[in-house]
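**Q** prediction below, plus the sequence it came from.
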Amino acid sequence: MNLGPTLEPEVIHNGWLKKQGGMVKNWQRRWFVLVGNELKYFTKEDENKQMGTINLTGKRVTVHPFNADEPSKYLFEILPGEGESKITSTHDSYLLWATTQSERDEWVRMIRRVIYRHIGGGVFGQSLIDIITSESTGTSGTKKIPTIVEECTSFIRENGLQEEGIFRLAGRAALVKMLQEQYDTGQKPDFHALNVDVHSVASLLKLYLRSLPEPVIPLVNYPMILDTLRMLQKDEAVGREELIRQLAYLPRVNHNLLKYLSEFLHDVQKYEGANKMGLRNLATVFGPNIIRAKDEDSKSLMENANLSHQFMVLLIEDCKGMFPDNDQINFTSSMKEQMEAKSDQKKVKILPERPQPPQIPKPYTPSVDLLTADDILTSDPVVNNTNILQPLVSQPQGLVVGELIPLDANGAQTSHPPDPVSPGIARFDRNGDIAKRVEPEAISAPRKTPVVPSRPAPVPPVRPTYPPKVPHRPMSVDATSPDMTLSYSILQSQVQALKEEIVKQKDEYESKLLQQQKLYDKLHIMLKNEAKGRAQAEERNQQLVKDLDDFCKKYKT
């Protein structure tokens, strides 16, 4: 069905209904589309050619009472307006049949909104922005709260703040239904003149909030509000500031209504001693009407119910603090981001220090200044080399490396030959200075050649290999078990086989779908022919009755 590029955006509602009217009084199933001020109907949903159009300007719509003998028939009728006898040349009225009560009520609300929109009707089921725009038209300023909310809350403030069970006890269903129809048809009911009880007005207010196409907390803001409430449980100060910021981000009409309702419910709970409705009771009643998700499973619904209840308690309890002026709200930084940053800092894992590679011990090399001739003439090739011998070549004349010289009592060199009673004997170094003092009793001791440790081979540092080697674990493999290693060609052939199977199943499905479509078209043609046959039979019967009446009149006279 194509309504044209100019009509597509104006579609208000559509769906299948059965209609009765015109020359043939049988029921015909049609696809109805409510667009602008017209109700169009087609034989098929995707059909371009429309079967008829109902101009709703000035018309009336009424609901027929439910018939228990026909439980699946919910009827409503579109009637001509004042001063009109017919809707069209072939229809006095249009009697429409919906299969469920909710479907019928939705159609009636939408049609009434179109019919009575210019006089402020169609209140129930209309979005907040639409009703505020409609009620602000022709006034000096912009309304903030819908009229029905203001009238209900004002009546309860005057007559029901001390009524026990207010908002918990249900009102009279028939009276609530009548008040709803009056608001939908653009009338302004007078609660005092109609002697309406407080509980019925409270039920009417809850019904209005429940029938909004979107909750007071828009669906797009719902996840962010829930995240803020979870944050509030972890850090009350941070969560509270973030919640105030999120409420300020709501659309202005939603923000105004939420603030208005919170202040009103705050006044109601002040009389808890008389009305028995405290914070938690009011939060339980109004929570589902103000904040809810579009689709939730049972588990998520139970988990989020506590958060929604906590949200309403906080709004009612501190309605002034949760809705401050914009100049008192900090919009520069997000406390949510700060909290996440703190949380990330707590999650930083302190890694242990990286182990240092083992230190390679340096080989021991005796000081050249303390070497003797015996130390040099060693078998170690590291020590016996030119680099070590070179400093020893240029020694002071008259001194021999390793020669024993006598020392006097003061430790100075003397020219006397050394003897066992000398205070001491010393060896000289390559500069001619005494390098080592030797006691006399140690002269006769056999000289031991010092052993210089050899340089150990350098050990390279252990570096990890990437990827790490997996240690081989021996496994007992059954000789009869199949080889599970698949080559690329085998995998490619299996993928190709799966693709062919999917294509085959798709072709079979499309073939079955085509058969079902042909069967549907065949049945539709049969039903259409049957309806046409019944219509022709009805015309023949009427003609026969007419002929019979003429025959009786003719022979009676």
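**A** Thanks, I have the structure now.
**Q** drop to CA atoms for contacts and neighbour counts, all remaining ones
**A** Noted.
**Q** in this protein, what helix or strand scores lowest on average pLDDT?
**A** helix 386-393 (a mean of 45; mean pLDDT, DSSP states H and E).
**Q** from Glu151, how far out is His192?
**A** Computed as C-alpha to C-alpha, to the nearest Å, the His192 to Glu151 distance reads 11 Å.
**Q** likewise for Met231?
**A** Taking C-alpha to C-alpha, one finds Met231 at 37 Å from Glu151.
**Q** ditto for Asp521
**A** 54 Å.
**Q** neighbour-wise, which of those two wins?
**A** Glu151 (17 against 12; other C-alpha atoms under 10 Å).
**Q** for the record, mean pLDDT for the helix ranked longest in the chain?
**A** Longest among the helix segments of the chain by residue count, using DSSP state H, is helix 488-556. Mean pLDDT, helix 488-556: 83.
**Q** what does stretch 326-345 give?
**A** 62.
**Q** then stretch 257-272?
**A** The average pLDDT for stretch 257-272 rounds to 94.
**Q** then it to CSV, C-alphas only?
**A** Only the C-alpha atoms of stretch 257-272 are listed here, as CSV (Å, rounded to 0.1, in the frame of the first residue of the first chain):
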residue,chain,number,x,y,z
LEU,A,257,5.3,16.9,34.6
LEU,A,258,7.7,14.7,36.7
LYS,A,259,8.5,17.7,39.0
TYR,A,260,4.8,18.6,39.3
LEU,A,261,3.8,15.0,40.3
SER,A,262,6.7,14.7,42.8
GLU,A,263,5.6,17.9,44.6
PHE,A,264,2.0,16.8,44.6
LEU,A,265,2.8,13.3,46.0
HIS,A,266,5.1,14.9,48.6
ASP,A,267,2.0,16.8,49.8
VAL,A,268,0.0,13.6,49.8
GLN,A,269,2.4,11.7,52.0
LYS,A,270,2.4,14.5,54.6
TYR,A,271,-1.1,13.2,55.6
GLU,A,272,0.1,9.6,56.0
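**Q** how near is the residue lying closest to Asn275 once chain neighbours are set aside to His199?
**A** Excluding its sequence neighbours, the residue lying closest to Asn275 (C-alpha to C-alpha, 6 or more residues apart in numbering) is Glu164, at 3.7 Å. Per C-alpha to C-alpha, Glu164 is found 10 Å from His199.
**Q** can you give me the pLDDT of the closest residue to Ser93 other than its chain neighbours?
**A** With sequence-adjacent residues excluded and distances taken as C-alpha to C-alpha, 6+ apart, Ser93 is closest to Leu79, at 5.1 Å. Note for Leu79: predicted pLDDT of 87.
**Q** residues contacting Leu79?
**A** Contact analysis of Leu79 by C-alpha atoms under 8 Å, 6 or more residues apart in numbering lists Lys59, Arg60, Val61, Thr62, Lys86, Ile87, Asp92, Ser93, Tyr94.
**Q** Leu95 belongs to a strand?
**A** Yes. Under DSSP: H, G, I helix; E, B strand; the rest coil, Leu95 sits within a strand.
**Q** now the closest residue to it other than its chain neighbours: which helix or strand?
**A** Spatial nearest neighbour of Leu95, chain neighbours left out: Glu77 (4.4 Å); criterion: C-alpha to C-alpha, 6+ apart. Assessed by DSSP states H and E, Glu77 sits inside strand 74-79.
**Q** number of nearby residues for the closest residue to Lys270 other than its chain neighbours?
**A** Computed as C-alpha to C-alpha, 6+ apart, the closest residue to Lys270 that is not its neighbour in sequence is Gly278, at 7.8 Å. Burial of Gly278 is recorded as 19 neighbouring residues (other C-alpha under 10 Å).
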